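>>> Here is the input, now give the coordinates:
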Amino acid sequence: MFKARPMVKVELLCLASEMQEMALWLARLGSFGPAELADPDMGARPGGAYRELYQAAASRLDKIVDYCGHREEVVIPDDAIAPNERELAGINNRLREIWQACSSCHELELRVGEDKARLAMLQESYVRLSALDVDPARLLRQDGLLDIRLGQIPATNLKRLGDALSVAGYVLTVFDRTADQVFLVVAGRKVADEGVGRLGGLLVQAGWRDLPVPPELRTDPTAARRYIDEEGSRLEAMNTNHCDLRLQHWQAHADWLRQARVLLTLARPLAESALLGLSGKGQLAIFSGWVPKRSIPELRHTLETRFQGRYLLMTREPGIEDAGRVPSLLTYPAWLRPFTGLVRNYGVPRYGEFDPALLFAVSYVLLFGAMFGDVGHGAVLLAIALFLRGRLAWLRGVGIAAGLASVCFGVLYGSVFGYENLIEPVWQSPLHDPERMLRLAVTAGIGFISVTLLINIYNRLGSRNWAGALFDGDGLAGLLLYLAAIGVLLGLMTGQSGPGVDRAVAAFALLAVAIRTGLNVSGPVGERLVVTLVESLETLVKLFANTLSFLRVAAFSMNHVALTLAVFAIAAELGTVGHGVAITLGNVVIIVLEGGIVAIQALRLMYYEGFSRFYSADGVEFRPLKLAVDDGKV
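This next block holds a predicted model:
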């Protein structure tokens, strides 16, 4: 739970003729994660062509299934074998032929869809023009004596345009309206030499847009209506024929497509391995990757049972040269998994590093509860979390834990929806002793930062960075400097100076940090001294600044009480109904607004005051080969 499971580097040699079957059995085992090539001398990619065929075939199969719309569950037999390259090429060719037939049918479907969309627009224009009760062909004649235009303008400009046109000798008639647009006819005497000058300028200023009349509607309304009906019937018949044709395609090839799906599922492990972890030379192929140490006996037994000596398995423990490349396999109990998403937002733990999921879960919940302690508000959060579904379902566990923490701290504070007279506090309300709350917040910060420094020392020791673990500002020297400086500061604040042990430890630790920093700085002596001094003091200042960040825990706990008092003060000035409404709305605002702010602040303390000190978050997640259909079902 606190670190990734031990991994072993595996190099598995087999006959090139059996690499399809080898990849399939590794996928059935589900514990082999392909990695970089093992042997530079075996640089050939024997599965490159196989992978290209698989990708082409899988893409065509998915398009065929999406087009036909038939998805059924596929069952992989236990004794099924993966297709070889020749068989995979045959599958790809057959899928190409089927898709070519489907593609022509699909193009017909698209054309019918486009024609239907155009017919719908034609129908809309017909309905709108029918309000004129005039033959559009006669109305829009170019050789007439009238200048007639059809268009639309914003409804707010109608009166202004009407006044302007009446002065210019034009008549305006509205024949249709929508929410913010009016459709109208503008008519006046045609002037041969006028062009678009006078009338065009008035229309542009009013936001005029011409209303196009399709050629199909520039005829007698009865003929236009007949054309629309006939075209609709024709397109509906084409659509029916297309649906029948699509069903015929599926029925003709359904059984074979199901078999193709099974075969492509069996081919997928080798296609994935060909991208990473598979190399070869001559008649040999080598699979390179990582396997959990606990799965090695099962891997050996499986290989011996199936291949009976026609393989060579070589394993080794990860070394220093593998730092940053070993994948991390992390397993969590069910109650901890909701928090791992928030941890993964920061990054994946590097192999061998401390996994902060448990520390994050405990610290985050406690911090949230301390800042948002109220029995009623916590119960509301708990109820909301229980009903989270869909994309937010992964937050259900976090919300339940946060709500329960708020309820528990609400019992300590004696607060229920801001009322502090309904239950007796087990401890005290935050506003009753602010100084005590601030001291506790700082103490919690000191403890949290000390734990993160200890974890960082552990990580440095695990990676054999002895000097960094002992003398860096975030190592043992930094921890001693931090704790000793706190002891000196407390002595000065209380006036109880000790025998000087704290000062001596602080001076010794600061000197160790300075020497370590100076050795890592290059340049002239004067420059190195300045950089060493500044960075050494920055180490101490940064630690104290991070500690003071925890004052926000006390601040938000008191702010929570202050907000409820403000709500009560407002409600007290209102009548009976207004009082209840103000209390209800005030509590809703507190839950939504402050609850969100507190959630973000607690997350910030975890990320910036915690993770940034010890968590590199640049690990690689372990992704084993698996025999599964995860991109659709046939």
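>>> in the stretch 151-300 of the chain, which segments are predicted with low confidence?
191-198, 242-244 (pLDDT under 70).
>>> no wait, the chain
1, 37-44, 69-72, 106, 108, 133-144, 191-198, 242-244, 497-499, 629-634.
>>> Against which helices or strands is the longest helix along it packed?
Identified as the longest helix of the chain according to DSSP state H is helix 221-275. The contact analysis (3 or more C-beta pairs under 8 Å, 6 or more residues apart in numbering; DSSP states H and E) places helix 221-275 against helix 19-29, strand 33-34, helix 48-68, helix 85-130. Just so you know, the C-beta spots here come from the backbone N, C-alpha and C atoms, and that holds for glycine as well.
>>> now for the longest one, which elements pack on it?
Other elements packing on helix 85-130 under the criterion 3+ C-beta pairs under 8 Å, 6+ apart are helix 48-68, helix 221-275.
>>> Need the ones you listed in a markdown table (columns: distance to residue 450 and mean neighbour count).
A markdown table is the format used below for the helices and strands packed on helix 85-130 (distance: least, C-beta to C-beta, whole Å; neighbours: other C-beta atoms under 10 Å):
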| stretch | distance to residue 450 | mean neighbour count |
| --- | --- | --- |
| helix 48-68 | 51 | 18 |
| helix 221-275 | 45 | 17 |
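>>> The ones you listed: which one's closest to residue 382?
Nearest of the helices and strands packed on helix 85-130 to residue 382, taken as C-beta to C-beta: helix 48-68 at 41.9 Å.
>>> what's in contact with the closest one?
20, 71, 85, 88-89, 91-92, 95-96, 98-99, 102, 105-106, 246-247, 249-250, 257, 260-261, 264, 267-268, 270-271, 274-275, 631-632, 634 (C-beta atoms under 8 Å, 6 or more residues apart in numbering).
>>> Measure how it sits relative to helix 19-29, angle-wise.
60 degrees (axes from the mean of the first three to the mean of the last three C-alpha atoms, to 10 degrees).
>>> Residue 564 contacts residue 589, correct?
No - judged on C-beta atoms under 8 Å, residue 564 makes no contact with residue 589 at a distance of 10.6 Å.
>>> Which strands and helices lie in contact with the helix or strand where residue 450 lies?
Assigned by DSSP states H and E, residue 450 belongs to helix 434-462. When contacts are defined as 3+ C-beta pairs under 8 Å, 6+ apart, helix 434-462 sits against helix 357-371, helix 466-471, helix 476-494, helix 525-548, helix 551-572, helix 612-614.
>>> how distant is the first one from the center of its chain?
By that I understand helix 357-371. 23 Å (C-alpha atoms, centre = their mean, to the nearest Å).
>>> Give the bridge partners for residue 284, please.
residue 15, residue 281 (DSSP bridges).
>>> How much space separates it from residue 32?
18 Å (C-beta to C-beta, to the nearest Å).
>>> what's the answer for residue 445, then?
Counting by C-beta to C-beta, the gap from residue 445 to residue 32 is 45 Å.
>>> Show me which of the two is the more surrounded one.
residue 32 (27 against 21; other C-beta atoms under 10 Å).
>>> All set, thanks.
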